[in-house]
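Peer 1: no sequence for this one, just the structure:
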DNA sequence: GATGAATGAGCTTTCATTCAT
DNA sequence: CATGAATGAAAGCTCATTCAT
């Protein structure tokens, strides 16, 4: 009496989700290299072998997680930029990010994950990641900045470079928080965005 | 006839230097855990065994590198803060750092190394490092900022937290440069220091 | 479908046994330091990695083997000393040991292992072993000798020292057998115990 | 102004002697595998490279030392057996050996070295050693026992096997002394030789 | 002859991945 | 689908041996 296809699919999806959640937690906590498949399996409450039914390799699981994260982030930005006020939109996004970082929310650690994802791995698969990051996150933000510049809200300058610098600052703050823990308080939104108004 | 002591010392120093240079490059590029001693040996053009004549373990080599760069950095700052003009001093330091990062100079890699030093390793040896970093670099800069505040050059606020944020930005920029390569131009000094004047 | 717990336990126990058998043979033949995990794996017909599922380290495997054999030996003696005739009991034990040694039985290898356990290793873990050996084996035999003395079966003298000498002789015979192979015939029981009747 | 041939030979011999002395001490203390060439060089007060001018390998140095030891021992026995009283001669030899063992004299540890020499190494070179041991030490003692049997001093039986058992006991006592240290007192000569008179 | 820097094979150990069940 | 025993490549590290000086 085999299960129906729907039941199987549902179980499969649930398992996949468990793996992703466990994997994210582990990678953020200990980094790619020091996270073992056994760690992830244990955190997900399944066997190591089962992971390989859902992801071809540790690397692929990691890549998938980075992908997910980026999608989410880009999604956030897209939703927020509908109302025509770039300055307020970016302020809201930034404020949300800073709060996450201050509270050590998992989302805040995506920035750390993201940077790490590049350095640990062979050049080929990275390129595809890079393009996605570029497209989804940096370019989206660049467009937001460009609109702000047209409205006179932000200072002039290459929007894409300003976008990169914006994420540099966020990345740096996330790193410092991880590094210093309670000894570091995330700065106010105005400080983070100061360079856009000068 | 055996080599003279001078010859040996010279050879030793040259080899050690080669190892440190290669090690720094590898650690920055791939992180601690994913850098193998063989990688370093190959980059240095020597055998793996020889590294162990100069450093007792991979960990010790890494720690030494963090130490080195930190000292250098603290040195730089100390030399610069003699003339009584904090704003100009910090501008000079920042400008120097940004140039290093843009040119991929080894010193710029320090910030990346620093963050990495936390992950992947046992808490104890890190703690001593952390204290040194705290003392030499962050506190030194905090003092500089404090003086600038007294002179009305910088905005008010906890100098230590402002110092940490300053280094967050530098750290973020260094990471982004490593991440994006030629697609990222380091921002002008004014952008990096904007938050201090707002 | 996964294996049942029973199946796994059975496989596990079988593998563990193979490792112990192979390990004992290797350690006895070549000593601790010169026996490689690869040697043991090859002798057991498994991969090196698998050993580490069952023993945390080479050292722990070795310690386990010493433990095993000691327990077995002490067990033997305990069972035999119930009938109140120390001389006959010890004769039986000795006879059994000599037959084992002559036939290169695994138990005979214990004496060689025992001595080896001292060399090449840190003092701490050995000490605990030493105490167990002392207690279980030497003292047990000493008690047997003491009883024999009271019954006038054995010559007078410190029972513990006589016990140690007894095991010296057994140890020496086991070594010589290993050393000379077929060129050496183990001596008759009377020769080995001669000193107890003089 | 080069040294004369005599001077060179003398220096060479002195160095060789230093190496042998240092090597013996190290091997006895820590065994073959755990003694490094650096250990020996340091103990001899020379460089590691210099050892290789006198011995082709660690193995060969070890073999040489075992050889030396055996020669010495055989020499001792030969000298002692001139006066026509085998029982007294063997008693003297045994007494000397036991005293050495009790006092942890280096000579006493030759027995341990001797056994070890076999087990650590390839079969071919051992064979030559084995023959020498057989010839010089065991057979010499066997002859002594045979003479004693003719004179009615020792019990009957294959003299060679009795000789082997005699050395088994000595070997066992030396091992036990190493193993137990001060907790073990070497037995009186009569105990060690008891089996020869039964 | 003498040195010790340098090499690289080989060791113990870990862990991503496979596969019989 | 799910398990975890088993594999083996690769890591960090040691040390016998070589060789430029």
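Peer 2: Yep, it's here. Every value quoted in this text rests on a predicted model; they were computed, and no experiment measured them.

Peer 1: contacts and neighbour counts: CA atoms only from here.
Peer 2: OK.

Peer 1: need the helix or strand of chain A with the lowest average pLDDT.
Peer 2: Here the helix or strand of chain A ranked lowest by mean pLDDT, DSSP states H and E is helix A:123-133, holding a mean of 54.

Peer 1: tell me the first helix or strand C-terminal of that helix.
Peer 2: Per DSSP states H and E, helix A:123-133 leads on to helix A:139-150 as the next helix or strand towards the C-terminus.

Peer 1: quick one: is that next one near chain B?
Peer 2: No: using CA under 8 Å from any CA of the partner chain, we find that helix A:139-150 stays clear of chain B, coming within 12.6 Å at best.

Peer 1: show me what that helix is packed up against.
Peer 2: For helix A:139-150, the contact count by 3 or more CA pairs under 8 Å, 6 or more residues apart in numbering or on different chains; DSSP states H and E identifies helix A:58-80, helix A:86-102, helix A:159-180 as packing neighbours.

Peer 1: between those helices, which gets nearest to DNA strand F?
Peer 2: Of all these, helix A:58-80 sits nearest to DNA strand F, with 13.4 Å by CA to the nearest atom of the strand.

Peer 1: which SSE is residue A:84 in?
Peer 2: Going by DSSP H and E, residue A:84 is not part of any helix or strand.

Peer 1: re the thing from before, ranking the helices and strands packed on helix A:139-150 by mean pLDDT, which is last?
Peer 2: Ranked on mean pLDDT, the bottom entry among the helices and strands packed on helix A:139-150 is helix A:58-80, at a mean of 82.

Peer 1: picking that back up, which of the helices and strands packed on helix A:139-150 is buried the deepest?
Peer 2: Comparing the helices and strands packed on helix A:139-150 by mean neighbour count (mean count of other CA atoms under 10 Å in any protein chain shown), helix A:159-180 comes out on top with a mean of 23.

Peer 1: and the contacts of that one?
Peer 2: A:97-98, A:101-102, A:108-109, A:111-112, A:138-139, A:141-143, A:145-146, A:184-186, A:192-193, A:196, B:115, B:118, B:164-165, B:167-173, B:175-176, B:184-187 (CA atoms under 8 Å, 6 or more residues apart in numbering or on different chains).

Peer 1: residue of chain A nearest DNA strand F, please.
Peer 2: For chain A, CA to the nearest atom of the strand, closest residue to DNA strand F: residue A:49, 3.2 Å.

Peer 1: report the separation between that residue and chain D.
Peer 2: Going from residue A:49 to chain D by CA to the nearest CA, to the nearest Å gives 41 Å.

Peer 1: and that residue, how many neighbours?
Peer 2: 11 (other CA atoms under 10 Å in any protein chain shown).

Peer 1: quick check: which element contains it?
Peer 2: With DSSP H and E as the test, residue A:49 turns up in helix A:48-54.

Peer 1: what sits up against that helix?
Peer 2: A:16, A:19, A:37, A:38, A:40, A:41.

Peer 1: need phi/psi at residue A:104.
Peer 2: Main-chain torsions, residue A:104, degrees, to the nearest 10: phi 50, psi 30.

Peer 1: need the pLDDT of it.
Peer 2: At residue A:104, the model reports a pLDDT of 79.

Peer 1: dump the residue contacts of it.
Peer 2: Contacts for residue A:104 (CA under 8 Å, 6+ apart) come out as none.

Peer 1: for residue A:110, see how far away the nearest residue to residue A:24 once chain neighbours are set aside is.
Peer 2: Sequence neighbours aside, residue A:65 is the residue nearest to residue A:24 in space, at 6.7 Å (criterion: CA to CA, 6 or more residues apart in numbering or on different chains). Shown here: residue A:65 relative to residue A:110, a distance of 9 Å by CA to CA, to the nearest Å.

Peer 1: can you redo the helices and strands packed on helix A:139-150 as JSON lines with distance to residue A:29?
Peer 2: As requested, these are exported to JSON lines (distance: least, CA to CA, whole Å):
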{"stretch": "helix A:58-80", "distance to residue A:29": "13"}
{"stretch": "helix A:86-102", "distance to residue A:29": "14"}
{"stretch": "helix A:159-180", "distance to residue A:29": "10"}
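
Peer 1: for chain A, what lies in contact range of chain B?
Peer 2: A:30-31, A:33-34, A:115, A:118-120, A:161, A:164-165, A:167-173, A:175-176, A:179, A:184-187, A:190-192, A:194-196, A:198.

Peer 1: so which of those residues reach DNA strand E?
Peer 2: A:33, A:34 (CA under 7 Å from any atom of the strand).

Peer 1: quick one: the helix ranked longest in chain A near DNA strand F?
Peer 2: Assignment by DSSP state H gives helix A:5-34 as the longest helix of chain A. Yes: against DNA strand F, helix A:5-34 shows contacts by CA under 7 Å from any atom of the strand at A:8, A:11, A:12, A:15.

Peer 1: most surrounded residue in the residues you listed?
Peer 2: residue A:15 (19 neighbours).

Peer 1: what residues does chain A have near DNA strand F?
Peer 2: Checking chain A against DNA strand F by CA under 7 Å from any atom of the strand, the hits are A:8, A:11, A:12, A:15, A:46, A:47, A:48, A:49, A:50, A:53.

Peer 1: domain parsing for chain A?
Peer 2: Under automatic domain parsing, the residue ranges defining each domain of chain A are A:1-55, A:61-197.

Peer 1: out of the ones you listed, nearest to residue D:79?
Peer 2: Using CA to CA as the measure, domain A:1-55 is the one of the domains of chain A that comes nearest residue D:79, at 68.3 Å.

Peer 1: what parts of chain A come near chain C?
Peer 2: Checking chain A against chain C by CA under 8 Å from any CA, there are no hits.

Peer 1: any idea which residue of chain A lies closest to chain D?
Peer 2: Nearest to chain D, among the residues of chain A, is residue A:34, at 32.8 Å (CA to the nearest CA).

Peer 1: number of nearby residues for that residue?
Peer 2: 16.

Peer 1: likewise residue A:185?
Peer 2: 18.

Peer 1: helix/strand/coil for it?
Peer 2: coil (DSSP: H, G, I helix; E, B strand; the rest coil).

Peer 1: please report phi then psi for it.
Peer 2: phi -100, psi 130.

Peer 1: please tell me how far residue A:45 sits from chain C.
Peer 2: Remark: distance between residue A:45 and chain C (CA to the nearest CA) = 16 Å.

Peer 1: please apply the same query to residue A:53.
Peer 2: To chain C, residue A:53 is 14 Å away according to CA to the nearest CA.

Peer 1: so what pLDDT did that residue get?
Peer 2: Looking at residue A:53, the pLDDT reads 96.

Peer 1: how about residue A:4?
Peer 2: In this model, residue A:4 carries a pLDDT of 64.

Peer 1: same deal with residue A:185?
Peer 2: So, for residue A:185, pLDDT stands at 96.

Peer 1: that one contacts residue A:103, doesn't it?
Peer 2: No: the pair residue A:185 / residue A:103 is not scored as a contact, 10.1 Å apart, by CA atoms under 8 Å.

Peer 1: before we move on, the earlier item: the helix holding residue A:49 near DNA strand E anywhere?
Peer 2: Yes: on the criterion CA under 7 Å from any atom of the strand, helix A:48-54 is in touch with DNA strand E at A:48, A:49, A:52.

Peer 1: using CSV, lay out those together with distance to residue D:153.
Peer 2: Shown next, in CSV, are the residues of helix A:48-54 next to DNA strand E (distance: CA to CA, whole Å):
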residue, distance to residue D:153
A:48, 75
A:49, 75
A:52, 80
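
Peer 1: how about stretch A:28-48: buried residues?
Peer 2: Within stretch A:28-48, the residues that count as buried by 16 or more other CA atoms under 10 Å in any protein chain shown are A:28-29, A:31-32, A:34-37, A:39-41, A:43-44, A:48.

Peer 1: which of the residues you listed sits closest to residue B:70?
Peer 2: Closest approach between the buried residues of stretch A:28-48 and residue B:70, by CA to CA: residue A:31, at 23.6 Å.
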